[in-house]
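K.L.:
Model the following, please.
(one chain, ligands or ions: 2)
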Amino acid sequence: MHLARLQRSTPFRLAVAYGLLFVTSSLLVYLVTYLLLRAEIYSTLDNSVTETYSVIQSSYAPGDIEDVVQSMNSFSRLKNGDRRIFYLGSAAGKRLAGDIAKFVPATGLQTITGERLGLPGNERFRVKTGTIDGNNLLVGESLEATEDLGQIILANFAWMSVFTTLLAVFAGLFLARRAQTRIDAIAETMTEISDGNMSRRVRLTGSGDDIDLIATQINSALDRLSDLIESMRQVSADIAHDLKTPLNRLKLILEEASLREENNESVGEQLRDALAESDQINATFQALLRISQIEAGTRKTRFASVDLNQLLRTVVEIFGDVAEDNAQTLSFDAASSPDCFIEGDKELLMQLFVNLVENAMNHCPAGTAIRLSLRHTGNHCLATVADNGPGIPADEHEKVFRRLYRLDKSRNSPGHGLGLSMVKAIADLHGMAIGIEDNHPGARFVLSWERPAEQN
Ligand SMILES: Nc1ncnc2c1ncn2[C@@H]1O[C@H](COP(=O)(O)OP(=O)(O)OP(=O)(O)O)[C@@H](O)[C@H]1O
Ligand SMILES: [Mg+2]
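P.N.:
Ligands and ions are numbered 1, 2, ... in the order given. Here you go, the predicted model:
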């Protein structure tokens, strides 16, 4: 990995930050432990010197310095190597007992070099002095062992610090590399996706950790994206296919017009046909555009509370006469239907029910009864548009909502096969579920949505 890339890598930066924290805190712990241990060892040494001094001092009986000399000698015999030093001498400087040449007065407990006490080498001593019956008494203990122990502890801690640092560096790098590899795999997948390989997905480790969680979310977003792209591709192909027929028709009409024109025949009829055909194509495009706009969801900003009971009543008022002209009946029992409200766009909701009513009128024969209804079920509202016409076969229930899809038997009747696509787009925009049921006989379109909270 390049150094510049490494520096930009979040796992690496985290690893460095935690490594530094780990090393600094370990060093602090070692330092504090060392200082405490050192203080403890020194205080043990001081206690030992003070204790020996007190024992020797307490052996003195007034006027009898000899006991002190004896006590000191027995301590000298007991002494462990060169660790302890003793001195007892007269005020004039005459040595009475002990193993050092010179007396050096000390205040309290003091550290004095062996050189000052007339001892060879550069050993240091912890020393306590005092006077007994006018004589000078000195008791001391070598600091060598204590200092050696301190050195050992310090060296130990130094090694432990080196080990801790190495551990922090290698563990940090290992963990950073592992996380980075997984992040790189995600980046690689995204690059492949943007290169057009929509089937690629991020591989999961199955650990269920946060990176796996993000990978799962990315994968489901990619699934949705490829579904959308696939359906867009399908829709574009369908549209292109379905528009080929009217465009071919237009071309044939224009070819015929041109031929007639060459023969000096009238072309008025062909021009009118061409105009009608291009109007049809235009209307199809308009409808397709409108569906796309509805699907884009921008109309949501205009949402307000809409009274469905009122809306269905209006639909029946407007289309009742048209149905009558078709020898059909259109009914809605507003009085015995509940008030059902929905947050929505009134104009679009009107369009939805108009499309369903128009379908029933256009695709059902004379004598058909078209019924609208509205009711509550639990915390849902249900609106239906039912007829007793020829119905829609169950295996076509899904397909009729596709853009430009029409049943074979309707191919020769006017229409674009876009009415139900718009119904579906409007229902989706309002969070309404839509389904087709068999009305035995006929078709029943059922719309259901959750009742607004204030109505429950
Ligand atoms: N109530 C119904 N009874 C029987 N068939 C229906 C009914 N409603 C719709 N269909 C069938 O579903 C097809 C799709 O309907 P849709 O409203 O999408 O298109 P259309 O009515 O043919 O044309 P457009 O609505 O764009 O003018 C229709 O062509 C028709 O075959
Ligand atoms: Mg229609």
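
K.L.:
Could you export the lowest-mean-pLDDT helix or strand in the chain as CSV, CA atoms only?
P.N.:
One helix or strand of the chain scores below all others by mean pLDDT, DSSP states H and E: helix 3-8, with a mean of 73. C-alpha atoms of helix 3-8 as CSV (Å, rounded to 0.1, in the frame of the first residue of the first chain):
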residue,chain,number,x,y,z
LEU,A,3,2.3,5.7,2.1
ALA,A,4,0.0,8.5,0.9
ARG,A,5,-2.9,6.1,0.5
LEU,A,6,-2.1,4.6,3.9
GLN,A,7,-2.3,8.0,5.5
ARG,A,8,-5.7,8.6,4.0
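
K.L.:
helix or strand right after it?
P.N.:
Toward the C-terminus, helix 3-8 is succeeded by helix 10-58 as the next helix or strand (DSSP states H and E).

K.L.:
Identify the residues contacting the least confident helix or strand of the chain?
P.N.:
12-13 (CB atoms under 8 Å, 6 or more residues apart in numbering). From N, CA and C alone the C-beta is placed, and that goes for glycine too.

K.L.:
which parts of it are buried?
P.N.:
Leu6 (16 or more other CB atoms under 10 Å).

K.L.:
Report the distance from that helix to the chain centre.
P.N.:
Here the centre of helix 3-8 is set off from its chain's centre by 24 Å, with CA atoms, centre = their mean, to the nearest Å.

K.L.:
What are the buried residues along stretch 154-167?
P.N.:
157, 164-165.

K.L.:
Kindly apply the preceding question to stretch 398-415 instead.
P.N.:
400-406, 410.

K.L.:
and ligand 1, which of those reach it?
P.N.:
400, 406, 410 (CB under 6 Å from any ligand atom).

K.L.:
Give me the subset of those residues that lies in helices.
P.N.:
Among these, DSSP state H puts none in helices.

K.L.:
Does at least one residue of whichever strand or helix holds Asn355 sit close to ligand 1?
P.N.:
Per DSSP H and E, Asn355 falls inside helix 346-363. Yes: Helix 346-363 reaches ligand 1 (CB under 6 Å from any ligand atom) through 359-360, 362-363.

K.L.:
quick one: which of the ones next to ligand 1 among the buried residues of stretch 398-415 is nearest to Pro452?
P.N.:
Nearest to Pro452 out of those is Val400 (CB to CB; 29.5 Å).

K.L.:
can you tell me which residues contact the closest residue to the closest one other than its chain neighbours?
P.N.:
Leaving aside its chain neighbours, Val400 sits nearest to Leu420 (5.2 Å; criterion: CB to CB, 6 or more residues apart in numbering). Contacts here follow CB under 8 Å, 6+ apart; on that basis Leu420 touches 355, 359, 400-401, 405.

K.L.:
which of the ones next to ligand 1 among the buried residues of stretch 398-415 lies closest to His440?
P.N.:
Nearest to His440 among those, with distances taken as CB to CB, is Val400, at 18.5 Å.

K.L.:
Following element in sequence after the helix holding Asn355, please.
P.N.:
Helix 346-363 is succeeded, C-terminally, by strand 369-377 (DSSP H and E).

K.L.:
May I have the strands that pair with that following strand, each with its orientation?
P.N.:
Counting by DSSP bridges, the strands paired with strand 369-377 are strand 329-332 (parallel), strand 380-387 (antiparallel).

K.L.:
ok now that strand, how far from the chain's centre?
P.N.:
46 Å.

K.L.:
picking up where we left off before, which secondary structure element contains the residue nearest to Val400?
P.N.:
Short version, using DSSP H and E: Leu420 is in helix 419-429.

K.L.:
what angle do that helix and helix 346-363 make?
P.N.:
Angle, helix 419-429 to helix 346-363, by axes from the mean of the first three to the mean of the last three CA atoms, to 10 degrees: 150 degrees.

K.L.:
could I have helix 419-429 exported to PDB, CA atoms only?
P.N.:
Output of helix 419-429 as PDB, limited to C-alpha atoms (Å, rounded to 0.1, in the frame of the first residue of the first chain):
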ATOM      1  CA  GLY A 419     -55.200   4.200 -17.900                       C
ATOM      2  CA  LEU A 420     -54.400   1.500 -15.300                       C
ATOM      3  CA  SER A 421     -50.700   2.400 -15.300                       C
ATOM      4  CA  MET A 422     -51.700   5.900 -14.200                       C
ATOM      5  CA  VAL A 423     -54.100   4.400 -11.600                       C
ATOM      6  CA  LYS A 424     -51.200   2.400 -10.200                       C
ATOM      7  CA  ALA A 425     -48.900   5.400 -10.100                       C
ATOM      8  CA  ILE A 426     -51.500   7.500  -8.300                       C
ATOM      9  CA  ALA A 427     -52.200   4.700  -5.800                       C
ATOM     10  CA  ASP A 428     -48.500   4.200  -5.100                       C
ATOM     11  CA  LEU A 429     -48.000   7.900  -4.600                       C
END
